[in-house]
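Asks: here is a sequence with its predicted model. Questions after.
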Amino acid sequence: MEEGKSRKLGGSLKVPNVQELAKQQLAAVPPRYIRDDIENQSYSSIVILPQVPVIDTKKLLDIDDDSELERLHLACKEWGFFQLVNHGVNSSLMKKVKSEIRAFFDLPMEEKKKFEQEEGDLEGYGQAFVVSEEQKLDWADILYMITLPTHLRKPHLFPKLPVSLRDALEQYSTALKELAMKILYVMARALGMKAEDMNVLFEEDGTQMMRINYYPPCPQPERVMGLCHHTDSVGLTILLQVNETEGLQIKKDGAWIPVPYRPDAFVVNIGDILEDANDVNSEVSERKSTLQHVHLNLECPNCEDGDRVNSQIELLNSSGGYVNLVINHGVTPSILEDFKREVIDLFKLPIEEKKKLWQQKDSFEGFGHMFVVSEKQKLDWSDMFGIITLSPHIRKVNLFQKLPSKLRCSSSYSLSGHAYCYNHGVTPSILEDFKREVIGLFKFPMEEKKKLRQQEDSFEGFGNSFIVSEEQKLDWNDMFGIMTLPLRIRKVDLFQKLPSNLRGIIEAYSNEIKSLAMIIICQLAKALRIDEIEMRELFTDGMQSIRMNYYPPCPVPHKTIGFSPHSDADALTILFQLDETEGLQVRKDDIWVPINPLPNALIVNIGDMMEIVSNGVYKIIEHRAIVNSNKERLSVATFSTFNLDSELGPAHSLIGLNNPPIFRRVVVQKYLQDFFA
């Protein structure tokens, strides 16, 4: 590639310079920066927040001691972030870079404008990803540019920087590439990969980009964002915090955890396993930081076994930004086969049918090509069909609905923490009978429902759950809860008040779900290499409860919630959706993704207990239910927990020297009491 002819990273509209706005000593922030969706949180002084892991590079590189390697492995799995100390980057170079960055942002505006972003490009001085005049803006200025390989640098950017800054960044980018490769090689060890595989992916012309952020003081810091919550679409991000002003936060277990400033440390972020990253502002202090993004080399020029590499690499970003290693992915083989068959049939459609799915101008979605920008451009010998599937707010519904129905279903089957369960063995007639009886239960007259109303301090019966104050916002649903197994914990008086048909079908359904749950739990144990006997002992005689949910039509669905975001305290939840009304959503990569109801399919959700037993390998996922303006929705959730008298903690057969427990042990009954309290 010719010097300076780098791929464009996207575009951004020109917006006011935040640093200049801050100099005006505004009493209030302009409306375009004000956000109403900020997750503000405060903690009591007695609350001890978890600390971001700190990894010692010197110990990490000691091949005779795997203890630090194990700490790195856990940090990557549990956090996706860690602070790196003793990393070997010269401290005087780090001080020089910090000093030169401060000096750059102190330059007069006329000087900084020489490095402004060009139209349609993200590189340069300005803001990132501003695509409309209505868009809310971050309270930050940035300088963004490709630093390595050198032939991708823009001639008007890096070479034209002030000499002292350019020299410092030249040395810094080289040092950071060496550090990044050290980290990646160690990660390869932790993952059981070969170092040469990581070398092929990153070392040979892997792209490195630098983003230098400036966050000026803000008169209303609680109402703006320095950098809105996001994940990084890269292989590795290495962050240098230039000054002591706190601002970086990461989302862990629903809480925003601040990353403390360490003068000689780097903050490292593992791109595609990151949960969430967030920058906040300070009222009195400016803040600066520099991020070094390390991308994979997408060319792989030295790959000899092309089929092997391609089977493990999935391109996820149209800019060529990053790849996702998809190894031991856990997607059901039958789903892959169904999807493969439907995709092949899609490309066999007659040309008249394909034209109905043609790309529109300025969109990659539909049949066509990508990145064709001129009539003279050489074309790839391939056809493609692109579509956004899992971001409902930007999905093109008209295009999605034109797809063959089987392809629509198979395009979005599997989500972390949730999965559809087919051929599950639960008798279809039982599902139909149970559906009919549950629908009938919610049609009872109010006088009859009152006879089945919840008692104080119990979730069983008609009512709602987790209502603890008169001021609390309520969910738009009714529920009926009941304990079903083991028999000794049933409320006999409540059970006997139910219609006999419903009693009989609950009896049959709960037993079949118990058998199914045991099969799934044992298969999960096999996948985790947990001793099956240990898992069966935990699960045998475990508690089972059923929650029947009714979500009536709502006149203002955009202002209400059917079931607030939550995770389940059990080991396994099996959900039966009784109708075709969409409502269940799971939070994936900070996007609420709908789970489409499919006939006779059960949805399986991993609960908190399985995360603990797996020692954090299996992650719980937040989910919620939304409501509809003209359709009711019904569902039945069956919760399966471990034996109340057993001890909950990481499986004994799973933990060891290289996999220390990260959860303490507690009796299941005590765990549930604490959870519901």
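Replies: Alright, I've got the coordinates.

Asks: tell me the pLDDT of the residue positioned nearest the centre of the chain.
Replies: Compute the mean C-alpha point of the chain, and by C-alpha atoms, centre = their mean the closest residue is Asp589, 2.4 Å away. At Asp589, the model reports a pLDDT of 74.

Asks: what's the helix or strand for Leu165?
Replies: Per DSSP states H and E, Leu165 falls inside helix 163-191.

Asks: any stretches of the stretch 301-450 of the chain with poor pLDDT?
Replies: Filtered on pLDDT under 70, the stretch 301-450 of the chain yields the residue ranges 301-340, 361-364, 367-401, 403, 405-423.

Asks: swap that for the stretch 51-200 of the chain, sorry
Replies: In the stretch 51-200 of the chain, residues with pLDDT under 70: 129, 192-200.

Asks: for it, which segments count as strands?
Replies: Counting by DSSP state E, counting those that start in this stretch, one finds strands in the stretch 51-200 of the chain at the ranges 54-56, 81-85, 124-126, 141-148.

Asks: which residues are in contact with the longest one?
Replies: Strand 141-148 is contacted from outside by 6, 9, 17-19, 104-105, 115, 117, 122-128, 152-154, 157-158, 169, 173-174, 177, 206-214, 216, 292, using C-beta atoms under 8 Å, 6 or more residues apart in numbering. (Each C-beta comes from the backbone N, C-alpha and C, glycine too.)

Asks: convert the C-alpha atoms of it to CSV, please.
Replies: What follows is strand 141-148, C-alpha atoms only, in CSV (Å, rounded to 0.1, in the frame of the first residue of the first chain):
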residue,chain,number,x,y,z
ASP,A,141,-11.8,16.5,22.4
ILE,A,142,-9.6,13.9,20.7
LEU,A,143,-6.6,13.5,18.5
TYR,A,144,-6.9,10.1,16.7
MET,A,145,-4.4,8.6,14.2
ILE,A,146,-2.9,5.4,12.9
THR,A,147,0.7,5.1,14.2
LEU,A,148,1.8,1.7,12.9
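
Asks: that strand to helix 163-191, inter-axis angle?
Replies: 70 degrees (axes from the mean of the first three to the mean of the last three C-alpha atoms, to 10 degrees).

Asks: and the residue nearest to the centre of the chain, how close does it get to Leu122?
Replies: 21 Å (C-beta to C-beta, to the nearest Å).

Asks: now Lys177
Replies: In terms of C-beta to C-beta, Lys177 sits 21 Å off from Leu122.

Asks: tell me, how many neighbours does Pro650 end up with?
Replies: By other C-beta atoms under 10 Å, 22 other residues sit near Pro650.

Asks: quick one, phi psi at it?
Replies: Phi and psi for Pro650, reported as degrees, to the nearest 10, are phi -60, psi 140.

Asks: excluding chain neighbours, what is closest to it?
Replies: Leaving out its chain neighbours, the residue that sits closest to Pro650 by C-beta to C-beta, 6 or more residues apart in numbering is Asn615, at 3.8 Å.

Asks: I'd say the one you found and Asn658 touch.
Replies: No - the criterion here is C-beta atoms under 8 Å, and Asn615 misses it with Asn658 at 11.4 Å.

Asks: from the contacts of strand 141-148, which ones fall inside helices?
Replies: Val18, Gln19, Phe104, Phe105, Leu169, Ser173, Thr174, Lys177 (DSSP state H).

Asks: turn those residues into TSV, including distance to Glu611 and neighbour count.
Replies: Below are the ones in helices among the contacts of strand 141-148 laid out as TSV (distance: C-beta to C-beta, whole Å; neighbours: other C-beta atoms under 10 Å):
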residue	distance to Glu611	neighbour count
Val18	40	24
Gln19	44	17
Phe104	45	21
Phe105	43	18
Leu169	42	24
Ser173	39	19
Thr174	41	13
Lys177	36	20
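
Asks: how about the helices in the stretch 401-550 of the chain?
Replies: Applying DSSP state H, counting those that start in this stretch to the stretch 401-550 of the chain gives helices spanning 405-410, 428-442, 446-450, 492-497, 500-528, 532-539.

Asks: which one of those lies nearest to Pro599?
Replies: helix 428-442 (9.5 Å; C-beta to C-beta).

Asks: what is that closest one packed up against?
Replies: Counting contacts by 3 or more C-beta pairs under 8 Å, 6 or more residues apart in numbering; DSSP states H and E, helix 428-442 is packed against strand 478-485, helix 500-528, strand 544-551, strand 572-577, strand 633-640.

Asks: buried sites along that helix?
Replies: Leu431, Asp433, Phe434, Lys435, Glu437, Val438, Leu441, Phe442 (16 or more other C-beta atoms under 10 Å).

Asks: check contacts around the first one.
Replies: Contacts for Leu431 were tallied using C-beta under 8 Å, 6+ apart; they are Tyr509, Phe576, Asn600.

Asks: what of the third one?
Replies: Counting by C-beta under 8 Å, 6+ apart, Phe434 makes contact with Ile505, Ile506, Tyr509, Phe576, Val636.
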